[in-house]
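Visitor: my questions are about this predicted structure, shown below with the sequence.
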Amino acid sequence: MNQELQNAMAFYEPAPQDAYPGVEGKCLWLWEVLQGDFHESPTTAQTVTGTLIFMIPLVDQIGDVRDLVANCRKINKDTDDTWAWVALILTLIGLFPTLGSLAKGCVKVVIFQVRRDIFKATAVMSKVEAPVIDKAVSSLKRYLDDPKVRRFLAAMKIHNPFLYLAGKLDDVKSRLTIKGLLEKFDELMQVTRQLFDSVITFGPEALRGRVERLWTVLVSVRNKADEGMAKTLRPAQDCLDQIINRLRVEGDNAYRARLGNNNHVLGNRENAELELIQRKKPDWVDEVDDPSYPALKNFPSKALESIAEGWPDISATSKSPVRNKFNTFDESMRAAEVSPGERLYRVVEPGAKSFDNGGFWIRKVEFQRLTSKSEWRRNFAVWKSWNENGEYLVYTVPPGQPLKVWEGRAATQKFESMDTYKLEGGREQILLDPNNLKPGFTSPRKSTGWGYDDGTGNPDLDPLKPYLGLPDLTHNWYE
């Protein structure tokens, strides 16, 4: 069997070991791969969303055949299922050559998520709901944040991929016809038949009947496709409109002027974090009504005296970078000093979002107590969308006057858009005025050793993960 084909199949399912040796075993392997249901396995989802799939020989083609098989099986069960036909139309849209290789890859990432959620829907839908589009765009953001994709975008001089992709999809939508969709259907049927023939010719004899029965299902759906797609083209176009409009919104928002570099998750990190929590609640998140360490609702009047004596102004009326940050403490907040020579530790993530001279720090004793990222998130109440972690630095208070700071227990933090999710807090944190820090007394960044994600290295387990490869460890000082 062709080595390129074997390599492509390996992206979807591991090769069989001993049960079916030789060519027959490889053909059985191909048969199992082609019957996959929209790349549901984690290894495949990781590949589809984290690789330039359209540049790997045959990987993309096998994925198209798998999707066609899944679509046709769904339609065959109920030919009146509007959304099954919409899913098929979305699959075929991803084959249009007018998109170009980059847009084609991006479209498939979006369509993959939309189509999968359509298939999983249990209630009768009148339209594709907004959360479905949200998840699809989150998948696209992770794809666009892959270093390989970034380099490709830079080489093509595409500075705003969201608007670029919206334009490409708008062009496809304006040209979308039943005739054009059927042509793509027929082209994909030819590829499918070739792969099926390989299974029949070189695979176990027992597979012949199963292959032909599946081919009969595909042909049956194709024979009904003229009528089926004519009835559902409008809902498919409406779905495309939703995707295009959302991409334009992302394009308008994601690339506004920012300080520092652009190494960040594109778009709304909070949505991606909520997706992670709802998929499988992490051990650092609690579902409680009453916070363990209630946040201060008002700036304590007694603290005004300390501000007058030189402590950072963290009140709601302050003009400092830490304005209104008193609500990150519970009632234990107090004015404190850090003596010259003492070391403070700050946990950061790479890129423009985490500055070395930020406001939040912890004492050495607190840092040395930490044993995991999960413990840090829970006890210092830090959501992923605020700080992905991965690196830390040390600030040594210079000779002279002590550093005036606010110190106290980290308040319980609720998730902004979902009150039931909370981070407990409770460990001692320090808040200072970044303007009081001196770059020369800051150590190089070091790796925490906890990694840059909260999954297992699999983007499907951590949809927010923005960093791949070696630690950045690059200073990022806000002036």
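Guide: Ah, there it is. Numbers count the residues shown, from 1 in each chain.
Visitor: who's in contact with the nearest residue to W450 once chain neighbours are set aside?
Guide: Nearest non-adjacent residue to W450, counting by Cβ to Cβ, 6 or more residues apart in numbering: K373, 3.9 Å away. Quick note: C-beta positions are derived from backbone N, CA and C, even for glycine. If you count contacts by Cβ atoms under 8 Å, 6 or more residues apart in numbering, K373 has them with 389, 448, 450-451, 454.
Visitor: among these, show me the least confident.
Guide: By predicted confidence, these are weakest at D454, whose pLDDT stands at 72.
Visitor: could you look up the SS state of that one?
Guide: Each residue gets one of three states, and D454 gets coil by DSSP: H, G, I helix; E, B strand; the rest coil.
Visitor: thought it was touching K280?
Guide: No - the pair formed by D454 and K280 falls short of the contact definition of Cβ atoms under 8 Å, at 11.0 Å.
Visitor: neighbours around D81, how many?
Guide: The burial count assigned to D81 is 17, neighbours taken as other Cβ atoms under 10 Å.
Visitor: so where do the strands sit in the stretch 301-450 of the chain?
Guide: With strands called from DSSP state E, counting those that start in this stretch, the stretch 301-450 of the chain shows them at 334-338, 343-348, 360-363, 391-396, 403-409, 413-415, 418-423, 428-431, 446-447.
Visitor: quick one, domains of this structure?
Guide: Structural domains annotated on the chain: 3-256, 285-447, as defined by automatic domain parsing.
Visitor: please enumerate the helices of the stretch 251-400 of the chain.
Guide: When secondary structure is read from DSSP state H, counting those that start in this stretch, the stretch 251-400 of the chain shows helices at 269-279, 303-308, 364-369, 373-380.
Visitor: mean pLDDT for these: which is lowest?
Guide: Least confidently modelled of the helices of the stretch 251-400 of the chain is helix 269-279, at a mean of 74 by mean pLDDT.
Visitor: which helices and strands does that helix pack with?
Guide: Counting contacts by 3 or more Cβ pairs under 8 Å, 6 or more residues apart in numbering; DSSP states H and E, the secondary-structure elements packed against helix 269-279 are helix 130-144, strand 413-415, strand 418-423.
Visitor: can you tell me how far the residue lying closest to G400 once chain neighbours are set aside is from A70?
Guide: By the measure of Cβ to Cβ, 6+ apart, the closest residue to G400 outside its immediate chain neighbours is P340, 6.1 Å from it. Using Cβ to Cβ, to the nearest Å, one gets 66 Å for the distance from P340 to A70.
Visitor: neighbour count: the two, which is higher?
Guide: A70 (23 against 13).
Visitor: does the more buried one sit in a helix, a strand or a coil?
Guide: Three-state assignment for A70 (three-state DSSP): helix.
Visitor: all further residue positions should be reported with the first residue as 32.
Guide: Right, with 32 as the first residue, what we last looked at is A101.
Visitor: now do the same for it: its pLDDT.
Guide: The predicted local confidence for A101 is 85.
Visitor: go on, Y452?
Guide: Y452 is assigned a pLDDT of 85 by the prediction.
Visitor: count the neighbours of it for me.
Guide: A count of nearby residues for Y452, using other Cβ under 10 Å, gives 21.
Visitor: so how far is T348 from the closest residue in space to L468 that isn't next to it in sequence?
Guide: Closest residue in space to L468, ignoring its immediate chain neighbours: N388 at 4.6 Å, by Cβ to Cβ, 6+ apart. Distance of N388 to T348, given as Cβ to Cβ: 23 Å.
Visitor: the two: who's more crowded?
Guide: Between N388 and T348, N388 has the larger neighbour count (other Cβ under 10 Å), namely 22 against 8.
Visitor: next, the more buried one: phi, psi?
Guide: Note on N388: backbone dihedrals following degrees, to the nearest 10 are phi -100, psi 50.
Visitor: with K311 instead?
Guide: Backbone dihedrals for K311, given as degrees, to the nearest 10, come out at phi -160, psi 110.
Visitor: let me know the pLDDT of it.
Guide: At K311, the pLDDT value in this model is 78.
Visitor: now it: how far from V145?
Guide: Taking Cβ to Cβ as the measure, K311 and V145 are separated by 22 Å.
Visitor: and these two? which has more neighbours close in?
Guide: Set side by side, K311 and V145 show unequal neighbour counts under other Cβ under 10 Å, the larger going to V145 at 23 against 9.
Visitor: for the more buried one, which non-adjacent residue is closest in space?
Guide: Nearest-residue entry for V145: A167, 4.8 Å, with adjacent residues in sequence omitted and distances by Cβ to Cβ, 6+ apart.
Visitor: neighbours of the one you found, how many?
Guide: A count of neighbours around A167, defined by other Cβ under 10 Å, yields 24.
Visitor: show me what contacts the residue nearest to G431?
Guide: Applying Cβ under 8 Å, 6+ apart, one finds that P371 lies in contact with 428-433.
Visitor: give me the phi and psi for it.
Guide: Its backbone dihedrals place P371 at phi -50, psi 140, with angles given as degrees, to the nearest 10.
Visitor: what's the mean pLDDT across the helix or strand hosting A267?
Guide: Counting by DSSP states H and E, the element that carries A267 is helix 238-285. Looking at helix 238-285 alone, the average pLDDT works out to 87.
Visitor: tell me the helices and strands packed up against that helix.
Guide: Here helix 238-285 touches helix 53-65, helix 90-108, helix 113-124, helix 131-151, helix 161-175, helix 192-206, helix 209-233, going by 3+ Cβ pairs under 8 Å, 6+ apart.
Visitor: that helix vs helix 113-124, what angle?
Guide: Put simply, helix 238-285 runs at 80 degrees to helix 113-124, going by axes from the mean of the first three to the mean of the last three Cα atoms, to 10 degrees.
Visitor: pull the distance from helix 238-285 to the chain's centre.
Guide: Helix 238-285 sits 24 Å away from the centroid of its parent chain (Cα atoms, centre = their mean, to the nearest Å).
Visitor: same question, stretch 419-435
Guide: Stretch 419-435 has its C-alpha centroid displaced from the chain centroid by 32 Å (Cα atoms, centre = their mean).
Visitor: which parts of it are buried?
Guide: Residues of stretch 419-435 classed as buried: 419-428, 434-435 (neighbour count, 16 or more other Cβ atoms under 10 Å).
Visitor: closest one of the contacts of K404 to K204?
Guide: Taking Cβ to Cβ as the measure, K204 sits nearest to D485 out of these, at 37.5 Å.
Visitor: what's the burial count for that closest one?
Guide: Residues within reach of D485, counting by other Cβ under 10 Å, total 21.
Visitor: related to what we said a few turns ago, hmm, which two among the contacts of K404 are most spread apart?
Guide: Comparing every pair within these by Cβ to Cβ identifies T479 and D485 as the most remote, at 12.3 Å.
Visitor: flag the shaky bits of the stretch 32-181 of the chain, pLDDT-wise.
Guide: Across the stretch 32-181 of the chain, residues meeting the criterion (pLDDT under 70) sit at 32-91, 128-133, 150-157, 177-179.
Visitor: thank you, goodbye.
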